[in-house]
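**Student:** pasted the sequence and its predicted model underneath.
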Protein chains: 2
Amino acid sequence: MKYDRTFNFSAGPAMMPEPVLEEIRDEMMNYRGSGMCVMEMSHRSKVYQQIIDDAEKDLRDLMGIPDNYKVLFIQGGATLQFSMIPMNLMKNGKAVYIETGAWSKKAIAEAKKVGEVVVAASSKDKNYTYIPDCSDLDIPEDTDYVYICENETIHGVTWSKLPNTKGHILVSDQSSMFLSRPCNVSDYGMIYAGVQKNVGPAGMVVVIIREDLIRDDLTDLPIYLQYKTHADAGSMYNTPNCWAIYCCGKVFKYLKNLGGLEVMQKMNEDKAKVFYDFLDSSKMFKGTVVPSDRSLMNIPFVTDSAEKDAAVVAATKAAGYDNLKGHKSVGGLRASIYNAMPKEGVEALVEFLKKYEAENS
Amino acid sequence: MKYDRTFNFSAGPAMMPEPVLEEIRDEMMNYRGSGMCVMEMSHRSKVYQQIIDDAEKDLRDLMGIPDNYKVLFIQGGATLQFSMIPMNLMKNGKAVYIETGAWSKKAIAEAKKVGEVVVAASSKDKNYTYIPDCSDLDIPEDTDYVYICENETIHGVTWSKLPNTKGHILVSDQSSMFLSRPCNVSDYGMIYAGVQKNVGPAGMVVVIIREDLIRDDLTDLPIYLQYKTHADAGSMYNTPNCWAIYCCGKVFKYLKNLGGLEVMQKMNEDKAKVFYDFLDSSKMFKGTVVPSDRSLMNIPFVTDSAEKDAAVVAATKAAGYDNLKGHKSVGGLRASIYNAMPKEGVEALVEFLKKYEAENS
């Protein structure tokens, strides 16, 4: 490749589109005649206001976000959202959570510090390798919301059909599948995503929240933790992660120019098929997730022993395919193939694994 | 200048050293043979671990941070620290705050949500144009800490001598003077600074905290809001602002190579003297702060009318000197001349203002 760049299968932070990185590089010393790098700009300046306005507009266009939803850029990662969500959305002090893997578990632990958590369904019984049937859950009338992690980065499961919330508000963590396929925003009360997987640099979460869920009676909460603070100030109550907004804005525009989320979905399905077809035909490797709930983004797979897994990780690393070790909590291997991973990267890895299998069985 | 860059007098985000920006640009497509941009790197990778380790080490060297202090990189800005500080450090539920301007006022407002705040001294009577005498304050025995904002970005006052805390822990917001002069870390229980003024890109706070102040009995707090979470995980409990750590690390190294904080202080005193000497000799412009408490970083000044102030702002902007408008809460003008502002920038602005005065009086 032009810059001798590697195929990076990291679960996040992860690959960004090369043309976007080139633009950022070329604007480093003087952004479009402003005389400054974007990192040096006052967030109260006209030139920066245009950058954040464009980023929000392009994201709204991409996802078709209705006018009655606010788009917020907040620091602190999904981890801070695990707390902000119950602090802001629990009115009755009760919420339903669906437990499908490591990230929904973490969200549950934080929500329990704030109010009552009803775990209405869980796939813990089979080590989070499937999405439980959520078509007819027992949902308390007074629940404030139903919470899901729509793609579990570590366990590699994804929701192909949203849960039946029986009229209650749906809150979704889309961190590791954000912008990977079309999304009907009106199905949700709130969507949020750490941007460091499918979009840009770490250090920012995008929150898309229906306006009527933003409360003004929470003035006793720390000011940073109120959605109202960020909504009222266009995400600039205090200095935001200006750089991440700039970089993500470029990715939003790049995806629009590619043709939008339908095109992205098609590309992601094509890429993932290459990998899953290989796993399904391999004798050495197998995927860990039930086929109907497989993620298009994160593909966990194993051999029949931890020793062999480790040998494969070492061999891929030596061959220039980076970050294929599975998360320490589950072991094995994991290939994360987000939006910016080219199909050639997946094909090259699959070829390598085929060859490895032929030579080692 | 080489890249036609402007002298940017913004209060933050603000100028960064040009050689640092060049390095960042040159490493954009492939960081030192890693095959990736730093924005794309797993924070759990060896190559990134080296970046964060180097950043912390260079900061420790620069400031002479003792081994019994932790260095943490946290998101959410000073605004989130306004809440985290009382949540983590109030054991008796009481703290002393000194009110010296807009930022200490905001810190007080957030601390009041958590516990009892004793404002032991204030300069509100003269619109925050001086630092009150804090040599013999009435400090309650059971106060958990004494809080100051060591440089008020908006009002342009700075502490030349720390308050007598009578044995209590001192907590200091150094956001707008961080690394501008040597600092005896042992005088403090905790120092923190948003990096977007004197160091790097917005979206990160550096917290320097004495280990014995990090509590492990706060497990009911949101996990992101416990200092222990960040301390135990080397600032990587969740994905940090990796890019800001990388950029700030480069600035730390740059300052070390310049000769360290004594050299930086001398440069900052030289630069500020050029400006204050001009203000003290001008008939049109005057500084708003009493001379003994003037900031080396943020210089607020005024003419005798708001109309004239606005005309000067417009004229400087047209001449290529950016962001000289005073904060909306105080009006007038303000020149922020952080570490990365070259002396030539200050000299050029002063020449311009002299000429403006000659032509308009």
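**Tutor:** Yep, that arrived.

**Student:** going forward, measure contacts between C-alpha atoms and count neighbours the same way
**Tutor:** Will do.

**Student:** residue boundaries of the strands in the stretch 201-350 of chain A?
**Tutor:** Remark: strands assigned in the stretch 201-350 of chain A by DSSP state E, counting those that start in this stretch are A:205-210, A:286-287, A:298-302, A:321-322, A:333-336.

**Student:** out of the ones you listed, the one nearest chain B is which?
**Tutor:** strand A:321-322 (9.5 Å; CA to the nearest CA).

**Student:** partners of the lowest-mean-pLDDT helix or strand in chain A in the sheet?
**Tutor:** Every helix and strand in chain A was compared by mean pLDDT, DSSP states H and E; the lowest is strand A:321-322, with a mean of 88. Partners of strand A:321-322 in the sheet, by DSSP bridges, are strand A:7-8 (parallel).

**Student:** next SSE downstream of the strand it pairs with?
**Tutor:** As assigned by DSSP states H and E, the chain's next helix or strand after strand A:7-8 is helix A:18-26.

**Student:** which of the strands of the stretch 201-350 of chain A has the lowest mean pLDDT?
**Tutor:** Mean pLDDT is lowest for strand A:321-322 among these, at a mean of 88.

**Student:** can I assume residue A:119 sits in a helix?
**Tutor:** No. Membership of residue A:119 in a helix is not supported by DSSP: H, G, I helix; E, B strand; the rest coil, which gives strand.

**Student:** OK, contacts around the residue nearest to residue A:169 when sequence neighbours are not counted?
**Tutor:** Spatial nearest neighbour of residue A:169, excluding adjacent residues (CA to CA, 6 or more residues apart in numbering or on different chains): residue A:145 at 4.6 Å. Residue A:145 makes contact with A:89-90, A:94-96, A:168-171, according to CA atoms under 8 Å, 6 or more residues apart in numbering or on different chains.

**Student:** and residue A:70, helix, strand or coil?
**Tutor:** strand.

**Student:** I'd guessed it sits against residue A:210; true?
**Tutor:** Yes. Between residue A:70 and residue A:210 there is a contact under CA atoms under 8 Å: 6.3 Å.

**Student:** hmm, back to that, pipe the strands of the stretch 201-350 of chain A into a markdown table and attach mean neighbour count and distance to residue A:247 per row.
**Tutor:** A markdown table is the format used below for the strands of the stretch 201-350 of chain A (neighbours: other CA atoms under 10 Å in any protein chain shown; distance: least, CA to CA, whole Å):
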| stretch | mean neighbour count | distance to residue A:247 |
| --- | --- | --- |
| strand A:205-210 | 23 | 13 |
| strand A:286-287 | 20 | 34 |
| strand A:298-302 | 25 | 23 |
| strand A:321-322 | 22 | 23 |
| strand A:333-336 | 26 | 21 |
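
**Student:** quick one: which of these is nearest residue B:251?
**Tutor:** With CA to CA, the closest approach to residue B:251 among these belongs to strand A:205-210: 25.9 Å.

**Student:** can I get the closest one in PDB? Just the C-alpha atoms.
**Tutor:** Extracted in PDB, the C-alpha atoms of strand A:205-210 (Å, rounded to 0.1, in the frame of the first residue of the first chain):
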ATOM      1  CA  VAL A 205     -19.600   9.800  22.400                       C
ATOM      2  CA  VAL A 206     -22.400  10.800  20.000                       C
ATOM      3  CA  VAL A 207     -25.700  10.900  21.800                       C
ATOM      4  CA  ILE A 208     -28.900  11.100  19.700                       C
ATOM      5  CA  ILE A 209     -31.800  11.700  22.100                       C
ATOM      6  CA  ARG A 210     -35.500  12.600  21.700                       C
END
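
**Student:** which stretches of the stretch 201-350 of chain A have low pLDDT?
**Tutor:** Residues of the stretch 201-350 of chain A meeting the criterion pLDDT under 70: none.

**Student:** for chain B, see how far away residue A:171 is.
**Tutor:** Distance, residue A:171 to chain B, using CA to the nearest CA, to the nearest Å: 19 Å.

**Student:** let me know the secondary structure of that residue.
**Tutor:** Recorded secondary structure, residue A:171: strand (three-state DSSP).

**Student:** quick one, what contacts residue A:354?
**Tutor:** Contacts of residue A:354 by CA under 8 Å, 6+ apart are residue A:282.

**Student:** give me the pLDDT value at it.
**Tutor:** pLDDT, residue A:354: 97.

**Student:** and it, what helix or strand is that in?
**Tutor:** Per DSSP H and E, the secondary structure element for residue A:354 is helix A:343-359.

**Student:** which residues are contacting the lengthiest helix in chain A?
**Tutor:** Identified as the longest helix of chain A according to DSSP state H is helix A:261-281. Applying CA under 8 Å, 6+ apart, the contact partners of helix A:261-281 are A:62-63, A:179-182, A:255, A:258, A:285-287, A:296-297, A:301, A:337-339, A:343, A:346-347, A:350.

**Student:** could you do stretch A:298-305 as well?
**Tutor:** By CA under 8 Å, 6+ apart, stretch A:298-305 touches A:11, A:153-157, A:279, A:284-289, A:309, A:326, A:332-338.

**Student:** dump it to CSV, restricted to CA.
**Tutor:** The C-alpha trace of stretch A:298-305 is given here as CSV (Å, rounded to 0.1, in the frame of the first residue of the first chain):
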residue,chain,number,x,y,z
ASN,A,298,-16.7,-8.2,15.4
ILE,A,299,-16.0,-11.8,14.6
PRO,A,300,-14.9,-14.0,17.5
PHE,A,301,-13.5,-17.4,16.6
VAL,A,302,-11.5,-20.2,18.1
THR,A,303,-9.4,-23.3,17.4
ASP,A,304,-9.8,-26.3,19.7
SER,A,305,-7.2,-25.1,22.2
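
**Student:** work out the gap between that stretch and the centre of the chain.
**Tutor:** Its chain's C-alpha centre and that of stretch A:298-305 lie 21 Å apart, by CA atoms, centre = their mean, to the nearest Å.

**Student:** can you tell me, leaving aside adjacent residues, what's nearest to residue A:321?
**Tutor:** Nearest to residue A:321 is residue A:7, by CA to CA, 6+ apart, at 5.5 Å.

**Student:** report the contact partners of whichever residue of the stretch 251-361 of chain A sits closest to chain B.
**Tutor:** Nearest residue of the stretch 251-361 of chain A to chain B, counting by CA to the nearest CA: residue A:323, 7.7 Å away. Shown in contact with residue A:323 (CA under 8 Å, 6+ apart): A:8-11, A:317, A:335, B:42, B:45.

**Student:** redo these as TSV? Include distance to residue B:31.
**Tutor:** Formatted as TSV, the contacts of residue A:323 follow (distance: CA to CA, whole Å):
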residue	distance to residue B:31
A:8	13
A:9	17
A:10	16
A:11	19
A:317	17
A:335	22
B:42	13
B:45	13
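
**Student:** is the most centrally placed residue in chain A in a helix, a strand, or coil?
**Tutor:** Residue closest to the average C-alpha location in chain A (CA atoms, centre = their mean): residue A:175, at 1.9 Å. The local conformation at residue A:175, judged by three-state DSSP, is coil.

**Student:** would you quantify the distance from the closest residue in space to it that isn't next to it in sequence to residue A:150?
**Tutor:** Spatial nearest neighbour of residue A:175, chain neighbours left out: residue A:193 (3.8 Å); criterion: CA to CA, 6+ apart. The gap separating residue A:193 from residue A:150 is 10 Å, by CA to CA, to the nearest Å.
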